[in-house]
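> Structure here, sequence nowhere to be found:
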């Protein structure tokens with residue numbers, strides 16, 4: 001199998017360890033089973049780390065996203081944090097150039113446990129080659145009630161020094177909020193203080209409710225270019241002549257310990273086998289770049305080429321690329 005975008009994807013690999021899916025929030029666009037306790041087991045947590053090490057190039061630079069569900073919710077017992085620490089230490093001891101990122105919604109009272117975990121792991125890391133950080137999400141629509149939003153910002157003040165990115169999911173509902181200037185003044189602060197990244201919605205079984213069209217996404221980006229030019233990917237498009245692809249062929253170890261790809265996350269036509277998932281993704285990449293003539297596009301090196309999983313869920317036969325039209329306007 002030839003990866004036609006290998007050079008465009010860059011040298012850094014990416015992995016996603018989903019330790020379990022149990023969560024204290026009920027985000028309307030999330031595909032996970034928030035009541036599931038599958039994977040909520042100390043031995044299973046370590047087995048996932050071992051599996052990743054056994055199947056990876058330990059010399060290559062890698063970003064390892066460690067998530068739930070919600071790892072840090074108040075009903076997670078203290079002793080589980082010992083296993084989070086053991087997992088992080090194991091990964092740091094094996095991957096020479098690693099960035100460990102713990103994903104969290106920041107909606108819980110016992111934030112001191114998170115501070116302790118990240119501080120302790122950072123003392124173990126090689127500061128020149130390894131980092132340990134947090135990533136969180138802020139969505140004006142479909143994530144928080146007012147009390148949860150207040151707690152989010154309270155905790156962000158406490159752990160913000162370790163927050164790597166704040167993601168916003170590109171759903172139809174979030175796009176509508178931004179286009180109508182209803183996102184709130186706090187988003188301006190997030191864009192200034194953090195890497196505010198607008199991330200593609202992973203289609204779930206409710207994708208028809210949440211999945212935006214290509215045109216809607218372009219309208220969002222146009223708005224962001226004017227109002228939040230420091231947000232990503234807008235800032236990267238404007239500053240950098242070369243940008244790697246949005247998709248890194250992420251290796252996922254899911255709550256059951258199964259090694260899959262991002263294609264296993266989709267509620268429609270899920271592919272749980274890693275080899276089959278990669279084959280499906282490569283086929284989608286080839287269809288995409290042939291359909292839009294990406295290799296001959298003047299913006300090819302600057303463009304992240306979007307999320308191929310997203311594009312496979314969006315109907316349409318036009319060969320006119322909305323992102324190319326966007327670049328024509330903002331560059």
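On my side now, so go ahead. Just so it is clear, the structure is predicted and the values come from calculations on it, not from any experiment. Numbering: from 1, shown residues only.

> list the helices and strands the lowest-mean-pLDDT helix or strand in the chain packs on?
Ranking every helix and strand in the chain by mean pLDDT, DSSP states H and E puts helix 308-313 at the bottom, with a mean of 80. Of the remaining helices and strands, those touching helix 308-313 by 3 or more C-beta pairs under 8 Å, 6 or more residues apart in numbering; DSSP states H and E are helix 274-292. In this view, the C-beta of every residue, glycine as well, is placed from N, C-alpha and C.

> For the helix it packs on, report the contacting residues that lie outside it.
Here helix 274-292 makes contact (C-beta atoms under 8 Å, 6 or more residues apart in numbering) with 1, 3-5, 247, 249, 251, 259-264, 271, 294-295, 305-306, 308-309, 311-312, 319, 321, 324.

> Just the buried subset of those residues, please.
Using 16 or more other C-beta atoms under 10 Å as the burial test, the contacts of helix 274-292 include 5, 247, 249, 251, 259-264, 271, 294, 305-306, 308-309, 311-312, 321, 324 as buried.

> I'd like the average pLDDT over the next helix or strand after the least confident helix or strand of the chain.
Sequence-wise, the next helix or strand downstream of helix 308-313 (DSSP states H and E) is helix 322-330. Across helix 322-330, pLDDT averages out at 95.

> Off-centre distance for helix 322-330?
On the basis of C-alpha atoms, centre = their mean, to the nearest Å, helix 322-330 sits 24 Å off its chain's mean C-alpha point.

> in terms of contact, does residue 272 touch residue 258 like I think?
Yes - with contact defined as C-beta atoms under 8 Å, residue 272 counts as touching residue 258 (6.0 Å).

> how close does the most centrally placed residue in the chain get to residue 29?
Most central in the chain under C-alpha atoms, centre = their mean is residue 199, positioned 6.5 Å from the mean C-alpha point. Taking C-beta to C-beta, to the nearest Å as the measure, residue 199 falls 11 Å from residue 29.

> Next, show the common contact partners of those two.
Residues touching both residue 199 and residue 29 by C-beta under 8 Å, 6+ apart: residue 169.

> Tell me, how many residues neighbour residue 220?
Counted with other C-beta atoms under 10 Å, the neighbours of residue 220 add up to 22.

> for residue 290, same thing?
Count around residue 290 with other C-beta under 10 Å applied: 12.

> continuing past the helix or strand where residue 222 lies, what's the next helix or strand?
Using DSSP H and E, residue 222 sits within helix 214-227. Remark: after helix 214-227, the chain's next helix or strand is helix 234-239, criterion DSSP H and E.

> tell me what the helix or strand following that next one is packed against?
The C-terminal neighbour of helix 234-239 among helices and strands, as given by DSSP H and E, is strand 251-253. Judged by 3+ C-beta pairs under 8 Å, 6+ apart, strand 251-253 is in contact with strand 13-18, helix 42-54, strand 259-260.

> Would you pull up how far stretch 190-203 lies from the middle of the chain?
On the basis of C-alpha atoms, centre = their mean, stretch 190-203 sits 9 Å off its chain's mean C-alpha point.

> Of all the residues in that stretch, which ones are buried?
In stretch 190-203, counting by 16+ other C-beta under 10 Å, buried: 190-191, 194-198, 200-203.

> what's the answer for stretch 94-104, then?
Quick answer for stretch 94-104 (16+ other C-beta under 10 Å): 95, 97-104.

> Same question for stretch 286-299.
288-289, 292, 294, 297, 299.

> Low-confidence ranges, the stretch 151-300 of the chain, go.
Within the stretch 151-300 of the chain, the stretches with pLDDT under 70 are 249, 263-271.

> Then the stretch 1-150 of the chain?
Residue ranges of the stretch 1-150 of the chain with pLDDT under 70: 1-2.

> where exactly do the strands run in it?
Ranges of strands in the stretch 1-150 of the chain, per DSSP state E, counting those that start in this stretch, are 13-18, 62-67, 98-103, 131-137.

> Output those as TSV; include the columns distance to residue 111.
Output for the strands of the stretch 1-150 of the chain, formatted as TSV (distance: least, C-beta to C-beta, whole Å):
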stretch	distance to residue 111
strand 13-18	22
strand 62-67	17
strand 98-103	13
strand 131-137	11
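
> Check the gap between residue 293 and residue 319 for me.
Distance of residue 293 to residue 319, computed by C-beta to C-beta: 7 Å.

> If you could redo that for residue 131, that was the one I meant.
Going from residue 131 to residue 319 by C-beta to C-beta gives 41 Å.

> do residue 133 as well
Residue 133 is 40 Å from residue 319, where distance means C-beta to C-beta.

> is it possible to export the helices and strands packed on strand 251-253 to CSV including distance to residue 229?
Formatted as CSV, the helices and strands packed on strand 251-253 follow (distance: least, C-beta to C-beta, whole Å):
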stretch, distance to residue 229
strand 13-18, 26
helix 42-54, 36
strand 259-260, 36
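
> between those, which gets nearest to residue 174?
Each of these has some distance to residue 174 by C-beta to C-beta; the shortest is strand 13-18, at 21.8 Å.

> Can you list the strands that the closest one pairs with?
strand 62-67 (parallel), strand 251-253 (parallel) (DSSP bridges).

> Hmm, residue 293 and residue 300 touching each other?
No - Residue 300 is beyond contact range of residue 293, at 9.4 Å (criterion: C-beta under 8 Å).
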